[in-house]
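# pasting the sequence and the predicted coordinates here, then a few questions.
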Amino acid sequence: MRFQLCLMVSLVFASAANAADDLDVYGLWLNEEETTVMKITDCDGGPCGTLVWIDHPEPGTVTDAENPDPDLRARPLLGLTILSGFEARKASWKKGRVYDPMSGNTYGAKLRRRDDGALELKGCIGPLCKTQIWTPTSL
């Protein structure tokens, strides 16, 4: 009986620790195409992601050209926040938003740290979702 109780307590603490690890999405992340790096920091208790590197011959010339708001099309992509508004839900972040500067669209988003250490970013319009896997990087 005592062994079973100790085992149950250990499992509860291990599950809580794993959930905390899954929520640790902070740091620098390289996208699948290896063309951008996003820095995820804490913004009011949840993650937000800013573009900090773009693989382009002249990074200063890369602008938000596809933005639906004509007044924002000339702003640089470097330093642009593309992830925001997340809420912690068990072992992942949900109810966030991701802005795709390639299309100018904003999608509902989910974010989680995978067991292999990669970052899973899912952007959705209704039930239709696309998942990207980002890898940790140091720039």
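Perfect, I can see it now.
# going by C-alpha atoms from here, please, whenever you check contacts or count neighbours.
Fine.
# neighbours around the residue lying closest to residue 24 once chain neighbours are set aside, how many?
Nearest residue to residue 24 in three dimensions, chain neighbours excluded: residue 113, at 6.8 Å (C-alpha to C-alpha, 6 or more residues apart in numbering). Residue 113: 23 surrounding residues under other C-alpha atoms under 10 Å.
# got it, and residue 89?
Neighbour tally, residue 89, other C-alpha under 10 Å: 12.
# swap in residue 127?
Other residues near residue 127 number 5, with proximity taken as other C-alpha under 10 Å.
# show the pLDDT at it.
Listed pLDDT for residue 127 reads 91.
# chain center to stretch 90-100, what's the gap?
7 Å (C-alpha atoms, centre = their mean, to the nearest Å).
# report the beta-bridge partners for residue 43.
Per DSSP bridges, the residues bridged to residue 43 are residue 46.
# before we move on, back to that, bridging across strands, which residues link to the residue nearest to residue 24?
Here residue 113, judged by DSSP bridges, has bridge partners residue 119.
# what sits against it?
21, 22, 23, 24, 25, 92, 119, 120 (C-alpha atoms under 8 Å, 6 or more residues apart in numbering).
# tell me the contacts of the third one?
Contacts of residue 23 were listed using C-alpha under 8 Å, 6+ apart, and they are 88, 91, 92, 93, 112, 113.
# buried among these? Make that a ChimeraX selection.
In ChimeraX syntax, the buried subset of those is picked out as below (16 or more other C-alpha atoms under 10 Å):
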select :88,91,92,93,112,113
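# confidence-wise, which helix or strand of the chain is lowest on average?
helix 2-23 (a mean of 44; mean pLDDT, DSSP states H and E).
# give the next helix or strand downstream of that one.
Remark: after helix 2-23, the chain's next helix or strand is strand 27-30, criterion DSSP states H and E.
# what residues of that following strand count as buried?
28, 29, 30.
# what lies in contact with that strand?
Counting by C-alpha under 8 Å, 6+ apart, residues outside strand 27-30 touching it are 36-41, 119, 134-139.
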